[in-house]
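Student: Here is a sequence with its predicted model. Questions after.
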Amino acid sequence: MCCDGVLFHIVKLQPGDSAQALAALGLKVKRKRKQDCILQPCSAHAECSCTIYQARPVRCRVFECKQLHRVAAGAITEAAAVGKISEAKILVGEINALLLRLGATNLRQPLSKRCESVLSEFPDPPSDVATAEARSQLAAAMHALEVLLDQHFRIEPSDSAAELRDRAGQ
Ligand code: SF4
(Lines give C-alpha, C1' and ligand atoms only; values in the text may rest on other atoms or scores of the structure.)
Protein backbone atom coordinates (compact mmCIF):
# COMPACT_ATOMS: atom_id res chain seq x y z
CA MET A 1 0.00 0.00 0.00
CA CYS A 2 3.03 2.32 0.38
CA CYS A 3 3.77 1.95 -3.32
CA ASP A 4 0.45 1.45 -5.10
CA GLY A 5 -1.22 4.83 -4.53
CA VAL A 6 -3.30 3.80 -1.49
CA LEU A 7 -1.24 5.48 1.25
CA PHE A 8 0.50 8.20 -0.75
CA HIS A 9 0.23 10.30 -3.89
CA ILE A 10 3.92 11.09 -4.29
CA VAL A 11 7.35 10.24 -2.87
CA LYS A 12 9.62 13.28 -2.53
CA LEU A 13 13.16 12.77 -3.78
CA GLN A 14 16.03 13.51 -1.40
CA PRO A 15 19.72 14.43 -1.70
CA GLY A 16 21.35 11.27 -2.99
CA ASP A 17 18.45 10.48 -5.33
CA SER A 18 18.94 11.10 -9.03
CA ALA A 19 15.74 12.16 -10.77
CA GLN A 20 17.29 11.31 -14.14
CA ALA A 21 18.43 7.87 -13.06
CA LEU A 22 15.03 7.06 -11.53
CA ALA A 23 13.24 8.32 -14.64
CA ALA A 24 15.52 6.11 -16.75
CA LEU A 25 14.39 3.17 -14.61
CA GLY A 26 10.81 3.93 -15.60
CA LEU A 27 9.58 5.89 -12.56
CA LYS A 28 7.19 8.78 -13.18
CA VAL A 29 9.33 11.70 -12.00
CA LYS A 30 7.68 15.13 -11.71
CA ARG A 31 8.71 18.50 -10.29
CA LYS A 32 6.06 19.84 -7.91
CA ARG A 33 6.46 23.10 -5.94
CA LYS A 34 10.22 23.15 -6.71
CA GLN A 35 10.57 19.59 -5.42
CA ASP A 36 11.32 16.48 -7.49
CA CYS A 37 9.12 13.52 -6.66
CA ILE A 38 7.91 10.23 -8.06
CA LEU A 39 4.22 9.76 -8.68
CA GLN A 40 2.18 6.95 -7.19
CA PRO A 41 1.05 4.32 -8.06
CA CYS A 42 4.73 3.60 -8.63
CA SER A 43 5.71 2.12 -11.99
CA ALA A 44 8.27 -0.09 -10.23
CA HIS A 45 5.65 -1.78 -8.05
CA ALA A 46 4.76 -5.26 -9.28
CA GLU A 47 3.15 -8.12 -7.37
CA CYS A 48 3.87 -6.60 -3.96
CA SER A 49 7.55 -6.11 -4.83
CA CYS A 50 9.83 -3.27 -5.86
CA THR A 51 11.38 -4.11 -9.22
CA ILE A 52 14.15 -1.53 -8.70
CA TYR A 53 14.81 -2.42 -5.06
CA GLN A 54 18.59 -1.80 -5.09
CA ALA A 55 18.07 1.59 -6.75
CA ARG A 56 14.91 2.74 -4.91
CA PRO A 57 14.71 6.35 -3.64
CA VAL A 58 15.91 7.34 -0.15
CA ARG A 59 12.44 7.77 1.32
CA CYS A 60 11.45 4.31 0.13
CA ARG A 61 14.47 2.99 2.06
CA VAL A 62 13.66 4.76 5.31
CA PHE A 63 9.86 4.71 5.39
CA GLU A 64 8.27 2.62 8.14
CA CYS A 65 4.53 2.64 8.71
CA LYS A 66 2.86 2.62 12.13
CA GLN A 67 2.26 -1.11 11.98
CA LEU A 68 5.97 -1.74 11.55
CA HIS A 69 6.82 0.68 14.37
CA ARG A 70 4.32 -1.01 16.69
CA VAL A 71 5.59 -4.51 15.93
CA ALA A 72 9.22 -3.38 16.38
CA ALA A 73 8.33 -1.76 19.73
CA GLY A 74 6.56 -4.92 20.90
CA ALA A 75 3.26 -3.03 21.19
CA ILE A 76 1.45 -5.46 18.87
CA THR A 77 2.17 -8.90 17.46
CA GLU A 78 3.07 -9.53 13.84
CA ALA A 79 -0.21 -11.44 13.49
CA ALA A 80 -2.14 -8.37 14.68
CA ALA A 81 -0.33 -6.21 12.12
CA VAL A 82 -1.10 -8.70 9.36
CA GLY A 83 -4.74 -8.58 10.46
CA LYS A 84 -4.80 -4.80 10.24
CA ILE A 85 -3.19 -4.91 6.80
CA SER A 86 -5.85 -7.43 5.67
CA GLU A 87 -8.57 -5.14 7.00
CA ALA A 88 -7.20 -2.26 4.92
CA LYS A 89 -6.77 -4.43 1.83
CA ILE A 90 -10.36 -5.68 2.06
CA LEU A 91 -11.56 -2.08 2.07
CA VAL A 92 -9.29 -1.26 -0.87
CA GLY A 93 -10.78 -4.25 -2.73
CA GLU A 94 -14.32 -3.04 -2.02
CA ILE A 95 -13.43 0.46 -3.21
CA ASN A 96 -11.87 -0.88 -6.41
CA ALA A 97 -14.96 -3.01 -7.09
CA LEU A 98 -17.21 0.03 -6.61
CA LEU A 99 -14.98 2.15 -8.87
CA LEU A 100 -15.26 -0.52 -11.54
CA ARG A 101 -19.05 -0.60 -11.16
CA LEU A 102 -19.09 3.16 -11.61
CA GLY A 103 -16.97 2.91 -14.75
CA ALA A 104 -13.63 4.13 -13.38
CA THR A 105 -10.98 2.06 -15.10
CA ASN A 106 -8.01 4.44 -14.96
CA LEU A 107 -5.56 2.73 -12.60
CA ARG A 108 -2.80 5.31 -13.10
CA GLN A 109 -4.13 7.64 -10.41
CA PRO A 110 -3.89 7.19 -6.63
CA LEU A 111 -6.97 5.52 -5.16
CA SER A 112 -8.41 8.58 -3.40
CA LYS A 113 -7.98 10.70 -6.56
CA ARG A 114 -9.88 8.09 -8.57
CA CYS A 115 -12.68 8.21 -6.01
CA GLU A 116 -12.77 12.00 -6.06
CA SER A 117 -12.95 12.05 -9.88
CA VAL A 118 -15.73 9.48 -10.01
CA LEU A 119 -17.77 11.15 -7.28
CA SER A 120 -17.44 14.57 -8.91
CA GLU A 121 -18.34 13.24 -12.38
CA PHE A 122 -21.84 12.17 -11.40
CA PRO A 123 -24.78 14.57 -11.20
CA ASP A 124 -26.00 15.28 -7.67
CA PRO A 125 -28.41 13.61 -6.98
CA PRO A 126 -27.48 10.69 -9.29
CA SER A 127 -29.94 9.79 -12.04
CA ASP A 128 -30.66 6.20 -10.89
CA VAL A 129 -30.93 4.28 -7.63
CA ALA A 130 -28.11 1.81 -8.35
CA THR A 131 -25.68 4.64 -9.11
CA ALA A 132 -26.79 6.55 -6.05
CA GLU A 133 -26.23 3.46 -3.91
CA ALA A 134 -22.81 2.69 -5.38
CA ARG A 135 -21.79 6.31 -5.02
CA SER A 136 -22.77 6.48 -1.38
CA GLN A 137 -21.07 3.12 -0.67
CA LEU A 138 -17.92 4.43 -2.36
CA ALA A 139 -17.87 7.64 -0.32
CA ALA A 140 -18.42 5.68 2.92
CA ALA A 141 -15.78 3.04 2.11
CA MET A 142 -13.22 5.67 1.13
CA HIS A 143 -13.88 7.59 4.34
CA ALA A 144 -13.50 4.40 6.40
CA LEU A 145 -10.24 3.60 4.60
CA GLU A 146 -8.78 7.08 5.18
CA VAL A 147 -9.60 6.85 8.89
CA LEU A 148 -8.01 3.38 9.10
CA LEU A 149 -4.88 4.52 7.22
CA ASP A 150 -4.49 7.60 9.42
CA GLN A 151 -4.96 5.64 12.63
CA HIS A 152 -2.95 2.56 11.81
CA PHE A 153 -0.52 3.20 8.94
CA ARG A 154 0.44 6.80 8.21
CA ILE A 155 2.91 8.38 10.55
CA GLU A 156 2.31 11.72 12.29
CA PRO A 157 -1.40 11.23 13.03
CA SER A 158 -1.85 14.89 13.98
CA ASP A 159 -1.37 15.88 10.34
CA SER A 160 -4.19 15.75 7.82
CA ALA A 161 -4.34 12.88 5.35
CA ALA A 162 -3.89 15.30 2.45
CA GLU A 163 -0.69 16.76 3.92
CA LEU A 164 0.67 13.32 4.67
CA ARG A 165 -0.11 12.04 1.20
CA ASP A 166 1.64 15.08 -0.26
CA ARG A 167 4.63 14.58 2.01
CA ALA A 168 4.63 10.93 1.11
CA GLY A 169 7.15 8.27 1.75
CA GLN A 170 8.66 9.52 4.98
S1 SF4 B 1 10.57 2.68 -5.95
FE2 SF4 B 1 10.07 0.69 -5.11
S3 SF4 B 1 9.86 1.02 -2.89
FE4 SF4 B 1 9.72 3.03 -3.88
S5 SF4 B 1 7.52 3.41 -4.24
FE6 SF4 B 1 8.34 2.43 -6.10
S7 SF4 B 1 7.97 0.23 -5.81
FE8 SF4 B 1 7.79 1.22 -3.81
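Tutor: The structure has been received and is ready for your questions.
Student: quick one, domains of the protein?
Tutor: Split into domains by automatic domain parsing, the chain comes to 10-62, 66-153.
Student: Could you dump the ones you listed into TSV with mean neighbour count and mean pLDDT added?
Tutor: For the C-beta atoms, the positions are set from N, CA and C on the backbone; glycine is no exception. Listed next are these as TSV, based on neighbours: other CB atoms under 10 Å; pLDDT from 0 to 100:
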stretch	mean neighbour count	mean pLDDT
domain 10-62	16	95
domain 66-153	15	92
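Student: Dump those domains to CSV, plus distance to the ligand.
Tutor: Shown next, in CSV, are these (distance: least, CB to the nearest ligand atom, whole Å):
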stretch, distance to the ligand
domain 10-62, 3
domain 66-153, 12
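Student: looking at those domains, which is closest to residue 1?
Tutor: Proximity to residue 1 (CB to CB) singles out domain 66-153 among the domains of the chain, at 6.5 Å.
Student: can you tell me the distance between the two ends of the closest one?
Tutor: Start to finish, the residues bounding domain 66-153 are 5 Å apart (CA to CA, to the nearest Å).
Student: ok, what's across the strand from the closest residue to residue 22 other than its chain neighbours?
Tutor: Once flanking residues are discounted, residue 22 sits nearest to residue 29: 5.6 Å by CB to CB, 6 or more residues apart in numbering. Taking DSSP bridges as the rule, residue 29 bridges to residue 38.
Student: for residue 29, what are its contacts?
Tutor: 13, 19, 22, 23, 36, 37, 38, 39 (CB atoms under 8 Å, 6 or more residues apart in numbering).
Student: roughly how far apart are the fifth one and residue 20?
Tutor: Okay, so that is residue 36. 10 Å (CB to CB, to the nearest Å).
Student: surely residue 112 meets residue 142?
Tutor: Yes - contact status for residue 112 versus residue 142: in contact at 6.5 Å, counting by CB atoms under 8 Å.
Student: where along the chain do the strands fall?
Tutor: Remark: strands assigned in the chain by DSSP state E are 10-12, 29-32, 35-39, 45-46, 49-50.
Student: Tabulate the ones you listed (TSV), appending distance to residue 66.
Tutor: Converted to TSV, those look like this (distance: least, CB to CB, whole Å):
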stretch	distance to residue 66
strand 10-12	18
strand 29-32	25
strand 35-39	22
strand 45-46	20
strand 49-50	20
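Student: where do the helices sit along the protein?
Tutor: For the chain, the helices defined by DSSP state H cover 19-24, 58-62, 66-72, 78-101, 111-121, 129-152, 161-167.
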